[in-house]
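*Asks:* Structure of the sequence below:
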Amino acid sequence: MADGKLEGLFVMGQNPAVGAPNAKLERMALRNLKWLVVRDYVETETATFWRDSPEVASGELNPDDIATEIFFFPAASHVEKAGTFTNTQRLLQFRQKAIEPPGDARSDLEFMVQLGRRMKARASDRPRDAGLRALTWNYHDDDAEEVLREIQGWHNDERGTMKDEQAGGGAHRSSFIAHRLVKDFSELKNDGSTTCGCWIYSGVFDGENKANKREPRGRYGHGWGFAWPLDRRILYNRCSAAPDGKPWSDRKKLVWWDDAKGEWTGDDVPDLTGENPPGSKDDAPFIMHADGVGWIWVASGLKDGPLPTHYEPLESNIANTLYPRQAKNPAADRKERPDNPYAKSPDNRFPYVLTTYRLTEHHTAGGMSRTLSHLAELQPELFAEISPELAGEVEVTNGEWITISTARGSIQARALVTSRVPSLDLDGRRVHHVGLPYHWGYRGLVRGDIVNDLIAISEEPNVRIMETKGLSCNIRKSDVTRHPEPRRRRRISVETLRFAQGDEVLRWR
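*Replies:* Numbering: from 1, shown residues only. Sure, this is the predicted structure:
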């Protein structure tokens, strides 16, 4: 995008102008787009980068020079639309619409269904549009269960046509031909006879919408939602039983071999097929590995394998005592370029360790929480947590403004002097670190500098996550502050704050 290789961008439920690494680069890159579509239920910093970003205030960007055409669409919130949540426990839970969205706000599903219809209707005869012409796009306007059935998968032996019709007043109506759904992913084939949106979810619509169930039973809550795959609550649960099929521990048993029935059974869905008795060729607990066993030596699939090891962050003033000649992960993608620079390692300009994190009262980039008065009041200002020892070193007291800088830029925050962030003895010297929550931006009821301006764009080699928990920084007392005092609706006593947040946190208020 920054290099002009992307013409347009859809931003739906995200806020890269605040929430993405090297957020300044993100904001500067947005000006190169021909068009930008933002769907949200508050006007985010991404939607308004062209008129009130820090770069506009500093003169680096001039709104008159930005040709990006921006379309802001009001979006339905999670309580104003039906759909599913999937958590890190792999539990898929269907939710019903609680209330209708206001005005012209729509769900993401309805928006994409309508957009797909319009794009398909405009498809030309050119070869580049062949995929669009062949696309089956016969969805109802806003039916999340219809999409879930498609994700579940079906047999293609009933090939009734799905035809689009125009109802009265120009409204759209689809004639959906019911397919015979597969039971689960074991029935999927690669010969074109079945269709499935995502195999790990196949089984969620076996006779009913299992993600919508709220009837928990047993030790692991089967009957409440659907855990992919196959409603299996604990992956690789064959490991809970000894090679002879008997549980290692009666207290922690998951599955076991039933001699009378000749099958695996238990408190969870067995993570292997019932036709593999203990000791058989295919009786292997790690079914996703070719050899069926757990790996310490990872022969394939791990880009920085084959053994787990320690590397220092991409910016670090600490030597890697395990690998003195290879401090950093050689497989990491640094994305280093003039607008995404790195500090040296070590670098005397940035002697401290910086880590970023979230707060209970705010949500990610802050669009959902900085606009809510009760949450904004609980956490009204950006702060940087530092130890009493570091505060003494830089001659800062609790509540004073400090400037935090990295190789990418600098921001201002209130100093929160606390023993929660202790100084450490590493490599024969004293090492201080700085903690920053990253929820603030230049819009909302409460505002603050953008912490992700300090973070580099990088990718670790396996799941491509950027590095935000360990990088090099410097801090100093701010000469001047560009931040006004926050608006307060009422006074809050020190005792109230201590009860709500602990004696150390926000003591200076």
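
*Asks:* can we go C-alpha only for contacts and neighbour counts from here?
*Replies:* Will do.

*Asks:* Now do the helix or strand where V113 lies: everything it contacts.
*Replies:* Element membership of V113 [criterion: DSSP states H and E] is helix 108-121. With C-alpha atoms under 8 Å, 6 or more residues apart in numbering as the test, helix 108-121 has contacts from 12, 75-76, 132-133, 135, 137, 139-144.

*Asks:* Redo those residues as TSV? Include secondary structure, distance to P461 and pLDDT.
*Replies:* TSV is the format used below for those (DSSP: H, G, I helix; E, B strand; the rest coil; distance: C-alpha to C-alpha, whole Å; pLDDT from 0 to 100):
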residue	secondary structure	distance to P461	pLDDT
M12	strand	26	95
A75	strand	34	95
A76	coil	35	95
L132	helix	33	93
R133	helix	37	93
L135	coil	34	90
W137	coil	36	91
Y139	coil	37	90
H140	coil	40	90
D141	coil	40	90
D142	coil	38	92
D143	coil	38	94
A144	helix	34	94
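
*Asks:* can the residues you listed go into a markdown table with extra columns for distance to V451 and neighbour count?
*Replies:* Formatted as a markdown table, the contacts of helix 108-121 follow (distance: C-alpha to C-alpha, whole Å; neighbours: other C-alpha atoms under 10 Å):
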| residue | distance to V451 | neighbour count |
| --- | --- | --- |
| M12 | 22 | 13 |
| A75 | 26 | 24 |
| A76 | 28 | 21 |
| L132 | 41 | 17 |
| R133 | 45 | 18 |
| L135 | 42 | 11 |
| W137 | 41 | 17 |
| Y139 | 41 | 23 |
| H140 | 42 | 19 |
| D141 | 39 | 17 |
| D142 | 37 | 20 |
| D143 | 39 | 15 |
| A144 | 36 | 19 |
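
*Asks:* just to revisit the earlier point, can you give the distance from the helix holding V113 to the centre of its chain?
*Replies:* 25 Å (C-alpha atoms, centre = their mean, to the nearest Å).

*Asks:* Now do stretch 468-477: everything it contacts.
*Replies:* By C-alpha under 8 Å, 6+ apart, the list of residues contacting stretch 468-477 from outside reads 313-317, 343, 349-357, 394-396, 400-407, 455.

*Asks:* swap in stretch 84-98?
*Replies:* Contacts of stretch 84-98 (C-alpha under 8 Å, 6+ apart): V79, E80, K81, A82, G83, A211, N212, W224, G225, F226, A227, W228.

*Asks:* Ok, stretch 441-448 next?
*Replies:* Applying C-alpha under 8 Å, 6+ apart, the contact partners of stretch 441-448 are 18, 44-45, 52-54, 365-367, 370-373, 376, 380-382, 413, 440, 449-450, 483, 486-487.

*Asks:* Can I get the buried part of those as one ChimeraX selection?
*Replies:* In ChimeraX syntax, the buried subset of the contacts of stretch 441-448 is picked out as below (16 or more other C-alpha atoms under 10 Å):
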select :18,44,45,53,54,365,366,367,370,371,376,380,381,382,413,440,449,450
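
*Asks:* In strands, which of the contacts of stretch 441-448 appear?
*Replies:* The subset of the contacts of stretch 441-448 located in strands under the criterion DSSP state E comprises A413.

*Asks:* Select from the contacts of stretch 441-448 every entry located in helices.
*Replies:* Secondary structure from DSSP state H places V18, D52, P54, S373, A376 of the contacts of stretch 441-448 in helices.

*Asks:* what stretches of the protein score poorly on pLDDT?
*Replies:* Across the chain, residues meeting the criterion (pLDDT under 70) sit at 158-178, 274, 483-509.

*Asks:* Mind checking which residue lies nearest the centre of it?
*Replies:* Closest to where the C-alpha atoms of the chain average out (C-alpha atoms, centre = their mean) is T364, at 9.1 Å.

*Asks:* separation between it and V463?
*Replies:* Distance of T364 to V463, computed by C-alpha to C-alpha, to the nearest Å: 20 Å.

*Asks:* now do F205
*Replies:* From F205 over to V463 (counting by C-alpha to C-alpha), the distance is 29 Å.

*Asks:* At which residues are the helices of this structure located?
*Replies:* Using DSSP H, the helices found in the chain span residues 16-19, 23-30, 49-52, 54-58, 108-121, 130-134, 144-152, 373-378, 388-393, 494-501.
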